[in-house]
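Give the three-dimensional model of this entry:
(one chain, ligands or ions: 1)
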Amino acid sequence: MPPRDETAREGGGDATPLMELRNVSKVYGGGVLSRTATVALDDVSLTIPGDSPQILSVVGESGSGKTTLASLLLGFISPTSGTVLYRGSDLSRLRGARLREFRRDVQAVFQDPFAVFNPFYKVDHVLTVPLQKFRLGRSKAERQELMVNALEAVGLRPDETLGRYPHQLSGGQRQRIIVARALMLRPKLIVADEPVSMVDASLRATILESLRTVNQTLKVPILYITHDLGTAYHVSDHIVVMYRGGIVEAGDVEDVITAPKHPYTRMLIDSIPWPDPRRRWGSEETGARNGVEVPEDHQGCRFAERCPAAMPRCTQAQPPTYLAASGHAVSCYLYDEKPTLPKERLSALLTQHSSLTSA
Ligand SMILES: Nc1ncnc2c1ncn2[C@@H]1O[C@H](COP(=O)(O)OP(=O)(O)OP(=O)(O)O)[C@@H](O)[C@H]1O
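You can find the predicted model right below:
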């Protein structure tokens, strides 16, 4: 029998999820009780199975905790409470070969592709370093082949990219080289945090298309983090909506965007100028809180202050997660006649209706 790690790398029958956030909170700047503390993530549980090649988007406005979630999954920061698990093991305790395996399995694509490039090195450097670090390819020719294949997989022509300096490439080409770099390591997950927010609109589609191609042809799951609901709708299978450190809604992207349940998601969707003339931009009532007094330090729903549907109970306790419709979860008392959903069930919900897995 091969060692357990190898079985897991090939995805062979191991039911343990690739990554899991279990009741994770992250507080910056002192303890929860500190006046200057920011609760960036508040008791979030989320599972990424790893064997379901889907694109899961995490959306929310600025400051909702998206990058914190990505940084926790990538092991860049540690949770204040709760656990981040990689193949069932506490990420913060990984050492040696297991840690190296994690570093290879979970790859990052960031907002600013320039930050990764050293202007004095040709772009090849960005690709050869991980090949050496993970000892991939037995010969120079094999390593060259790995680079060429990865570049082609993201729609780049190797003869137009290799041998050049970063400034000789467009922002879109640079970002796709970063996707190619991630890809060469045959990762089990790509965490893409705002990968297109720093490139102009004309290049966004190309980069997202290359991520989509990687996802579909090479079956690499992608966690796509963005504040842009429009691109999330176009590329993803499932979506998680965050508000002030918590998940407020999750489900199949089509269901969530076309039939949003949470008042915050409705507000987000309504703030986008969709190309549907029947849909008026800003037509949804926003910001008016239903005449309900919302004390500043209340312990209830984090959206109560801005919610047009706020009720007195919304300021008293956090709403549980309800199964508002098949495959569609929402944390809002408006759905309290629906069955509640334990947090750990959220991941099952996020995979069972995937158009990719059911195809
Ligand atoms: N290193 C840090 N120190 C203190 N506070 C931080 C730190 N990083 C993030 N925060 C705070 O935590 C909250 C969540 O930040 P985070 O960057 O995760 O949100 P985000 O949804 O990714 O926002 P954006 O879309 O603007 O990147 C914010 O209030 C932010 O100011």
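
Please point out which parts of stretch 171-178 sit buried.
Gly171, Gly172, Gln173, Arg174, Gln175, Arg176, Ile177, Ile178 (16 or more other Cβ atoms under 10 Å). Where C-beta positions appear, they are placed from N, C-alpha and C, glycine not excepted.

Among the residues you listed, which ones are in strands?
In strands, judged by DSSP state E, none of these are found.

Output those residues in JSON lines, with distance to Tyr224 and pLDDT appended to each entry.
Output for those, formatted as JSON lines (distance: Cβ to Cβ, whole Å; pLDDT from 0 to 100):
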{"residue": "Gly171", "distance to Tyr224": "18", "pLDDT": "82"}
{"residue": "Gly172", "distance to Tyr224": "17", "pLDDT": "83"}
{"residue": "Gln173", "distance to Tyr224": "20", "pLDDT": "87"}
{"residue": "Arg174", "distance to Tyr224": "19", "pLDDT": "87"}
{"residue": "Gln175", "distance to Tyr224": "13", "pLDDT": "85"}
{"residue": "Arg176", "distance to Tyr224": "15", "pLDDT": "87"}
{"residue": "Ile177", "distance to Tyr224": "18", "pLDDT": "91"}
{"residue": "Ile178", "distance to Tyr224": "14", "pLDDT": "89"}
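
Let me have the residues you listed in TSV, adding distance to the ligand as columns.
TSV is the format used below for these (distance: Cβ to the nearest ligand atom, whole Å):
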residue	distance to the ligand
Gly171	19
Gly172	21
Gln173	24
Arg174	20
Gln175	17
Arg176	22
Ile177	23
Ile178	18
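
now for the helix or strand encompassing Val129, which elements pack on it?
Counting by DSSP states H and E, the element that carries Val129 is helix 124-133. Under the contact criterion of 3 or more Cβ pairs under 8 Å, 6 or more residues apart in numbering; DSSP states H and E, helix 124-133 touches helix 140-153, helix 171-184.

Mean neighbour count, those helices: which tops it?
helix 171-184 (a mean of 24; mean count of other Cβ atoms under 10 Å).

just the angle between that helix and helix 124-133, please?
Per axes from the mean of the first three to the mean of the last three Cα atoms, to 10 degrees, the angle that helix 171-184 makes with helix 124-133 is 10 degrees.

Can you spell out which helices and strands pack onto helix 171-184?
Using 3+ Cβ pairs under 8 Å, 6+ apart: helix 171-184 touches strand 106-109, helix 124-133, helix 140-153, strand 189-193, helix 201-218.

Please repeat the previous calculation with a cut-off of 6 Å.
Counting contacts by 3 or more Cβ pairs under 6 Å, 6 or more residues apart in numbering; DSSP states H and E, helix 171-184 packs against strand 106-109, helix 140-153, helix 201-218.

Buried ones in the last one, by neighbour count?
I take that to be helix 201-218. Leu203, Arg204, Thr206, Ile207, Leu208, Ser210, Leu211, Arg212, Val214, Asn215.

which among the residues you listed gets closest to the ligand?
When the buried residues of helix 201-218 are compared for distance to the ligand (Cβ to the nearest ligand atom), Arg204 wins out at 16.1 Å.

now that closest one, nearest residue through space, not along the chain?
Val196 (4.3 Å; Cβ to Cβ, 6 or more residues apart in numbering).

The ligand contacts on the stretch 201-350 of the chain?
Counting by Cβ under 6 Å from any ligand atom, the positions of the stretch 201-350 of the chain adjacent to the ligand are His227.

Tell me where this structure is predicted with low confidence.
The chain contains residues with pLDDT under 70 at 1-14, 30-35, 112-114, 273-290, 344-359.

So for it, the centremost residue is which one?
Among the residues of the chain, the one closest to the centroid is Leu223, at 3.4 Å (Cα atoms, centre = their mean).

Is that one part of a helix or strand, or is it coil?
strand (DSSP: H, G, I helix; E, B strand; the rest coil).
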